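[1] next input, structure requested:
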Amino acid sequence: MSQINRNLEELLENNVADFNGLHQLMSETRDISQGVFDKQVIIGQRVNTTYNWFKSAEGKQAMEYVGIVMDRNEFISQVVGDRSWFYELIAIGKVREESPNLISEYKESTENRSVRGCLKFIKNGGAESDEESESESASTTLMTFSAKAEALESEKGASLRLLSDGKIEGVNARSIEALEMLLAKAKEQLNS
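    Residues are numbered from 1 along each chain as shown. So this is what the prediction gives:
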């Protein structure tokens with residue numbers, strides 16, 4: 001995790017109660033093996049609350065008042081560091097707030113607990129398949145393509161992954177459009 005801007009840290013501590021102690025809790029989860037999942041769920045709830053404040057009119061006004069200007073990506077980098085981990089924390093934080101019983105069901109169903117495993121468990125309707133988890137762990141990423149939101153002139157970026165089992169993850173209109181745009185530019189460059 002990157003070092004957070006001190007002004008941003010103070011602003012978040014003063015305006016988002018759940019942010020207080022977030023970095024300390026994140027540090028603790030790196031050092032312990034027992035209870036990591038439970039602490040990560042708490043971190044997720046705190047990150048979700050903090051991010052909601054950042055997106056709110058109140059948050060934007062408070063940041064503007066103290067002279068902090070940043071977009072979502074900079075915020076993610078400052079608060080959590082890793083983008084994919086950030087979105088997993090947001091997802092598990094929402095689950096903790098809206099349906100904590102799903103987390104309890106997941107904890108009862110397995111001893112190997114992880115945020116990603118819990119989110120998959122919930123996505124599969126509470127079913128954990130040994131076959132599915134074995135095939136997922138055997139599959140590796142062979143090729144990745146990603147485009148930032150700025151390149152697509154949209155709010156959200158796009159990505160595609162080719163897996164060793166032949167599946168392609170992330171297939172949607174935006175990711176196909178982004179890949180086609182890149183290939184067209186590559187052909188132009190090759191032919192010039």
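
[2] and the residue most central in space within the chain, what element?
    Note on the chain: the residue nearest the mean C-alpha position is residue 87, at 1.6 Å, using CA atoms, centre = their mean. Residue 87 belongs to helix 83-98 when assigned by DSSP states H and E.

[3] check which helices and strands whatever helix or strand comes next after that helix sits against.
    Note on helix 83-98: by DSSP H and E, the next helix or strand toward the C-terminus is helix 100-109. Packing contacts for helix 100-109, counted by 3 or more CB pairs under 8 Å, 6 or more residues apart in numbering; DSSP states H and E, involve helix 83-98, helix 115-123. From N, CA and C alone the C-beta is placed, and that goes for glycine too.

[4] for the ones you listed, which one sits closest to residue 144?
    When these are compared by CB to CB, helix 83-98 sits nearest residue 144, at 12.0 Å.

[5] how about residues contacting that closest one?
    Applying CB atoms under 8 Å, 6 or more residues apart in numbering, the external contacts of helix 83-98 come out as 40-49, 51, 73, 76-77, 79-80, 102-103, 115-116, 118-119, 122.

[6] ok, 6 Å please
    41, 44, 45, 47, 48, 76, 80, 102, 115, 119 (CB atoms under 6 Å, 6 or more residues apart in numbering).

[7] where does the chain dip in pLDDT?
    Low-confidence segments of the chain (pLDDT under 70): 1-3, 27-34, 126-139.

[8] could I get the full set of helices for it?
    For the chain, the helices defined by DSSP state H cover 6-15, 22-31, 36-55, 57-66, 72-79, 83-98, 100-109, 115-123, 130-138, 149-152, 173-191.

[9] pick the most deeply packed of the ones you listed.
    Comparing those by mean neighbour count (mean count of other CB atoms under 10 Å), helix 36-55 ranks first with a mean of 20.

[10] that helix - contacts with which helices or strands?
    If you count contacts as 3 or more CB pairs under 6 Å, 6 or more residues apart in numbering; DSSP states H and E, helix 36-55 packs onto helix 22-31, helix 83-98.

[11] can I get these in TSV including distance to residue 167?
    Listed next are the helices and strands packed on helix 36-55 as TSV, based on distance: least, CB to CB, whole Å:
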stretch	distance to residue 167
helix 22-31	31
helix 83-98	18
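
[12] for those helices, which one sits closest to residue 143?
    Proximity to residue 143 (CB to CB) singles out helix 83-98 among the helices and strands packed on helix 36-55, at 17.4 Å.

[13] pull the distance from that closest one to the chain's centre.
    7 Å (CA atoms, centre = their mean, to the nearest Å).
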